[in-house]
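>>> Predicted coordinates and the sequence they were generated for:
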Amino acid sequence: MNKQTFILALAAFFIGVLISLHLSIEEETPERDTRDLWEIRTALLEEQEQQQTLQDELNDLKNIQVDYEDNVYGTQIRTLRKQINDLQDQAGLTEMTGQGVELMLVADYEQANESEGFPELTSELLNRLVNELNVYGANHLAVGDERIVNHTAIRDVLGRVYINQRPLRDLPVTVKVLTDDPERLINYMEVSQSLNDLAIHNISLTMNDKQSVTVPSYTGDFVLEHVDVKDYEEGDE
Amino acid sequence: MWLMIIFLGLGIGLGLLSDFSIPALYSNYLSLAILAAFDTLLGGIRAHFEHVFNQFIFVTGFFFNITLAIFLTFIGAQLGVDLYLAAVFAFGWRLFQNIAIIRRRILDRWQQQKTLKKKSQSTLSIEKSKLIDK
């Protein structure tokens, strides 16, 4: 056999191996679904629940639309007022009263060493607490007399905790929470991470289930500089 | 020529049969290596047709080109510049040139063989007619 041809053939063989390697790359990219039946069922259930909530929301919105399209002037005005009130409730502009939980953050002197000084509540602890309360089903929140709304900032400013640009007073601090199921919230909070974190900082947390908790309204200004309002256009108007 | 095609198929088959695989991260490098290898192989075939094939140059060029292409891709990835496009351009250009030259050589050879056949046939017939005349 001609030696030249054989070398060229060997090079071709090498290229063939490279090409097959390239093909096998493409084959392995699609991710395999390795979930078992139980996991798939759970995922399906979650999706169904989400669909249900979305459907509920859609139905509410459709009802509102029907009310608006009603020709009676009074109905339209009533719907508009009702919606404004709802939105104000959601935004935290109104005082809310209902069943809920009252949390007391108290300095625990027994646990504190002399060297550690007076236990201090930091913004990180408070942030974590608020986040956990929200996760566990809090509808409306107030720390001290400051209502927590969507854009409330909890910051450390020169060693003091500021909420809504106003300083929070020293311990003890009351946190008022409105929730649909106070008992469940308390149970969750009993084993929460923030309870441990507060204990590390020598702050004890006591929780009381209350039939009537009043959360004050948000008094500051809403800064909506960076919020765009898109015009809603409807074809047949 | 046929031997090369057979070996190419053999390589692909063997590679597919083996369980060896490369992470998708390196697909860029691999495709460039394939391009470089193809370029060198076609260069070799062209040299073979032109009777200037040097075994040593071919083997070293084969591996050197592949390494260079991979290295260029690597550098490009590190710098955030698509430097591998330079290799793609260079190899692609040479690939087309080499293929054109190989095609011309093959066609030349084919035509030469055709004319030779015709000539031999015509001389045969002339000789035959001479014999008949005698």
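Alright, I've got the coordinates. Everything numeric here is computed off the predicted structure, so don't read it as measured data.
>>> drop to CA atoms for contacts and neighbour counts, all remaining ones
Fine.
>>> pLDDT score for residue 56?
Just so you know, I chose chain A. With respect to pLDDT, A:Asp56 has a value of 94.
>>> should've been chain B
At B:Phe56, pLDDT is 89.
>>> Help me confirm that A:Arg147 is found in a helix?
No: counting by DSSP: H, G, I helix; E, B strand; the rest coil, A:Arg147 falls outside a helix, being strand.
>>> That one contacts A:Ser217, doesn't it?
Yes: look at A:Arg147 against A:Ser217 with CA atoms under 8 Å: they come within range, at 6.0 Å.
>>> tell me, what's touching those two both at once?
Contact criterion CA atoms under 8 Å, 6 or more residues apart in numbering or on different chains; residues shared by A:Arg147 and A:Ser217: A:Gly92.
>>> between those two, who's got more neighbours?
Using other CA atoms under 10 Å in any protein chain shown, the more surrounded residue of A:Arg147 and A:Ser217 is A:Arg147, with 25 against 20.
>>> Where does pLDDT dip in the chain?
Using chain A here. By pLDDT under 70, the low-scoring segments of chain A are A:1, A:26-30, A:111-117, A:231-237.
>>> Tell me how it divides into domains.
Per automatic domain parsing, the structural domains of chain A span A:37-91, A:97-215.
>>> Contacts for stretch A:14-25 next, please.
Outside stretch A:14-25, the residues touching it (CA under 8 Å, 6+ apart) are B:7-16, B:20-24, B:27, B:30-31, B:33-34, B:37-38.
>>> Among the domains of chain A, which comes closest to chain B?
Checking the domains of chain A against chain B by CA to the nearest CA gives domain A:37-91 as the closest, at 27.7 Å.
>>> Wasn't A:Pro119 part of a strand?
No: if the criterion is three-state DSSP, then A:Pro119 is coil and not within a strand.
>>> Nearest residue to the middle of chain B?
Ranked by distance to the mean C-alpha position of chain B (CA atoms, centre = their mean), the top residue is B:Leu42 at 2.0 Å.
>>> for it, what are its contacts?
B:95, B:98-99.
>>> now it, what's its secondary structure?
helix.
>>> For A:Gln193, see how far away it is.
67 Å (CA to CA, to the nearest Å).
>>> likewise A:Leu80?
A:Leu80 sits 43 Å away from A:Gln193, taking CA to CA as the criterion.
>>> check contacts around A:Pro172.
Neighbours of A:Pro172 in contact, by CA under 8 Å, 6+ apart: A:104-107.
>>> The chain: strands as residue ranges?
No chain was given, so I picked chain A. All strands of chain A, identified by DSSP state E, fall at A:96-107, A:138-143, A:146-148, A:154-157, A:160-163, A:166-167, A:173-179, A:203-215.
>>> nope, chain B
Using DSSP E, strands in chain B do not occur.
>>> Return the residues of it in contact with chain A.
B:1, B:3-5, B:7-16, B:20-24, B:27, B:30-31, B:33-34, B:37-38, B:41, B:44-45, B:48, B:53, B:55 (CA under 8 Å from any CA of the partner chain).
>>> do that again at 7 Å, thanks
Proximity of chain B to chain A (CA under 7 Å from any CA of the partner chain) is limited to residues B:3-4, B:7-12, B:14-16, B:21-24, B:27, B:30, B:34, B:37, B:41.
>>> got a winner among the contacts of B:Leu42 for most neighbours?
B:Asn98 (21 neighbours).
>>> Against chain A, how distant is that one?
Distance, B:Asn98 to chain A, by CA to the nearest CA, to the nearest Å: 15 Å.
>>> Closest one to A:Asn208 out of the contacts of A:Pro172, please.
A:Met104 (8.4 Å; CA to CA).
>>> What residues does that closest one make contact with?
Residues in contact with A:Met104, defined by CA atoms under 7 Å, 6 or more residues apart in numbering or on different chains, are A:172-175, A:205-207.
>>> now it: how far from B:Phe56?
Separation of A:Met104 from B:Phe56 (CA to CA) stands at 85 Å.
>>> What of A:Asp67?
From A:Asp67 to B:Phe56 the distance is 88 Å (CA to CA).
>>> try B:Leu10
24 Å.
>>> And A:Glu102, by the same measure?
86 Å.
>>> the more surrounded of those two?
A:Glu102 (22 against 9).
>>> what's the neighbour count on residue 90?
If you meant another chain, say so; for now it's chain A. A:Gln90 has 14 neighbours, counted by other CA under 10 Å.
>>> ah, no, chain B please
Counted with other CA under 10 Å, B:Ala90 comes out at 13.
>>> Where is the longest helix in chain B?
helix B:84-133 (DSSP state H).
>>> any idea of the mean pLDDT in that helix?
pLDDT averaged over helix B:84-133 gives 87.
>>> so how far is stretch A:118-129 off the chain centroid?
Its chain's C-alpha centre and that of stretch A:118-129 lie 19 Å apart, by CA atoms, centre = their mean, to the nearest Å.
>>> Can you tell me how far B:Phe38 is from A:Ser192?
B:Phe38 is 63 Å from A:Ser192, by CA to CA.
>>> the more surrounded of these two?
The neighbour comparison of B:Phe38 against A:Ser192 (other CA under 10 Å) goes to B:Phe38, with 21 against 15.
>>> Apart from its neighbours in sequence, what residue is nearest that one?
A:Ile15 (7.1 Å; CA to CA, 6 or more residues apart in numbering or on different chains).
>>> Count residues in the vicinity of that neighbour, would you?
24.
>>> now B:Ser122
Neighbour tally, B:Ser122, other CA under 10 Å: 12.
>>> same check, this time on the one 3 residues further on
B:Ser125: 12 surrounding residues under other CA under 10 Å.
>>> Thank you, goodbye.
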